[in-house]
Structure formats: structure tokens, C-alpha cells
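Visitor: this is a predicted model, with the sequence first.
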Protein chains: 2
Amino acid sequence: MFAKTPKPPYFAVIFTSKRTGSYPADYEHTAEAMVAGAKSQPGFLGHENTRSEDGVGIMVSYWLDLDSIRNWKANEDHRTAQAKGRSIWYEDYRVRIARVEREYSLADSEFKNSR
Amino acid sequence: MFAKTPKPPYFAVIFTSKRTGSYPADYEHTAEAMVAGAKSQPGFLGHENTRSEDGVGIMVSYWLDLDSIRNWKANEDHRTAQAKGRSIWYEDYRVRIARVEREYSLADSEFKNSR
């Protein structure tokens, strides 16, 4: 469930969304296809995804560089899904593109705090 | 539910975690206190948070600069909560610190796509 990302720097797309609840089966099917599509893109490093019962979700995908993010955004199947997202599946969303500078895990924190 | 962040650049702390399920009431109480504590810190810009039923959560907090993030990490109450997080509440987690370069919403996407 944790993305196995390389040593920073790399890039993150933080996608925070509120679902409408419309056409859930179609949404699930498309979401799975989009994850498979992203995985097949050059520069894709992994993703982490969660959604609570109130329909609020955060998906973070990780990428080697900004070109990889642009290429996936312009992918034809992905553009079709984006349009359905805007018109059917999402009440609203935010997309934030960020450069990851540092990463650590629980194990790293324990190590640092024991020194 | 969406953080009202300013025009980029600003910073994001992406905290992805898997809960153990231990001491949930204590966890909820501390989590609320930590959100209140972060809000009172200089440089805090907002946060977005979600957790699915399987215990996987993503919390993204947004900050003006890296110093604000460092100050909050070093806060005494927060350090106590971090230690309990490592020993009791979390099976594992990742912390990623990133510089947000770009942000857009559903409304922005519709505008751009209609041109």
C-alpha cells in the first residue's frame, strides 16, 4: 500500500476529490483502468490512494519528472476519464503538483529518535 | 474539506499511514488536538485528510515554508504524539515533504477545457 519511491527528488500529483456517488460501478471500472494505464507510462513511480465513507478521497501518484506527468495528463483514455470525472463523478477536486524533497518512514523515525 | 491554499509555491507534508487499530479513542482525541495545534502554528495553510475502512489514511498539510514545518515537527506536544504514533497507533507510515508548484480545481479544468 505504500509506494516504493526512489530517493528524492521526484514529483507528486496530489489529487483530493469529493465523489458525487453517481455511476459507482462505471467509476470503479474506470479508476482501475486508469491505475493500470498510469503504471504503463514511462516515469510512473507508484501511488497511494484512500477514500473515506463520506466520499472524500486523496490519491497521490509519484513521477520521475514533470514531462511524465504531462504525458499522462494528455493520454487519450485518461482525457476521456477526466471529462467524465468533471461532469459525472466528482463534486469538486484539487490537483496539486509538487516536487518531493524528502521522504522518511516509521523505521527511519525510530532510528533517528534513538540516536 | 479542501484546503484554501494560496497561489503556489508553498509546501506540503504528505503523511500516508496504516493504523494498527489500537487505542482508537485516544488516537481520535490526539488527532483532533494535533489539528488544533497545527492550526495555531505560524505558516500553517490548511490540511486535507481521509482514511478508508481498512485503516489506510492520507493526510496532507500545507505550509508556507520549510521552517514552519520544522517548527511544528519539533513542537513538544506534537513530539509526544509522534512517539505514541510510532509505538502504538501506526503499523507503518511514510512522510514526504514537497514543494507545491501548481494547483488547479475542477472549475479551472472546465474553464481551460472549454477554450
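Guide: Alright, I've got the coordinates.
Visitor: give me the helix or strand of chain A that scores worst on average pLDDT.
Guide: Least confident helix or strand, chain A: helix A:106-114 with a mean of 74, by mean pLDDT, DSSP states H and E.
Visitor: got the CA coordinates for stretch A:13-25 in PDB?
Guide: The C-alpha trace of stretch A:13-25 is given here as PDB (Å, rounded to 0.1, in the frame of the first residue of the first chain):
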ATOM      1  CA  VAL A  13       0.500  14.700  -8.000                       C
ATOM      2  CA  ILE A  14      -1.900  15.200  -5.000                       C
ATOM      3  CA  PHE A  15      -5.500  14.600  -6.100                       C
ATOM      4  CA  THR A  16      -8.100  15.400  -3.500                       C
ATOM      5  CA  SER A  17     -11.600  14.800  -4.500                       C
ATOM      6  CA  LYS A  18     -15.200  14.600  -3.300                       C
ATOM      7  CA  ARG A  19     -17.300  12.000  -5.200                       C
ATOM      8  CA  THR A  20     -20.900  12.600  -6.300                       C
ATOM      9  CA  GLY A  21     -21.800   9.000  -5.800                       C
ATOM     10  CA  SER A  22     -23.200   8.800  -9.400                       C
ATOM     11  CA  TYR A  23     -22.500   5.700 -11.500                       C
ATOM     12  CA  PRO A  24     -20.200   4.000  -8.900                       C
ATOM     13  CA  ALA A  25     -19.600   0.800 -11.000                       C
END
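Visitor: that one close to chain B?
Guide: Yes. Stretch A:13-25 comes into contact with chain B (C-beta under 8 Å from any C-beta of the partner chain), by way of A:14, A:16, A:18. C-betas here are computed from N, CA, C, even on glycine.
Visitor: so where is chain A shaky, pLDDT-wise?
Guide: Along chain A, the parts satisfying pLDDT under 70 run over A:111-115.
Visitor: give me the distance from the longest helix belonging to it to the chain's centre.
Guide: With DSSP state H applied, the helix covering the greatest number of residues in chain A is identified as helix A:24-39. Using C-alpha atoms, centre = their mean, to the nearest Å, the mean C-alpha position of helix A:24-39 is found 12 Å from that of the whole chain.
Visitor: what's the following helix or strand after that helix?
Guide: Sequence-wise, the next helix or strand downstream of helix A:24-39 (DSSP states H and E) is strand A:44-51.
Visitor: so what secondary structure elements neighbour that next one?
Guide: Contact partners of strand A:44-51 among helices and strands, from 3 or more C-beta pairs under 8 Å, 6 or more residues apart in numbering or on different chains; DSSP states H and E: helix A:24-39, strand A:56-63, strand B:44-51, strand B:56-63.
Visitor: mind redoing it with 6 Å?
Guide: strand A:56-63, strand B:56-63 (3 or more C-beta pairs under 6 Å, 6 or more residues apart in numbering or on different chains; DSSP states H and E).
Visitor: can you lay out these as CSV showing mean neighbour count and distance to residue B:95?
Guide: Formatted as CSV, the helices and strands packed on strand A:44-51 follow (neighbours: other C-beta atoms under 10 Å in any protein chain shown; distance: least, C-beta to C-beta, whole Å):
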stretch, mean neighbour count, distance to residue B:95
strand A:56-63, 23, 12
strand B:56-63, 23, 10
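Visitor: want to try a markdown table for those strands, with distance to residue B:105 as columns?
Guide: Shown next, in a markdown table, are those (distance: least, C-beta to C-beta, whole Å):
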| stretch | distance to residue B:105 |
| --- | --- |
| strand A:56-63 | 15 |
| strand B:56-63 | 15 |
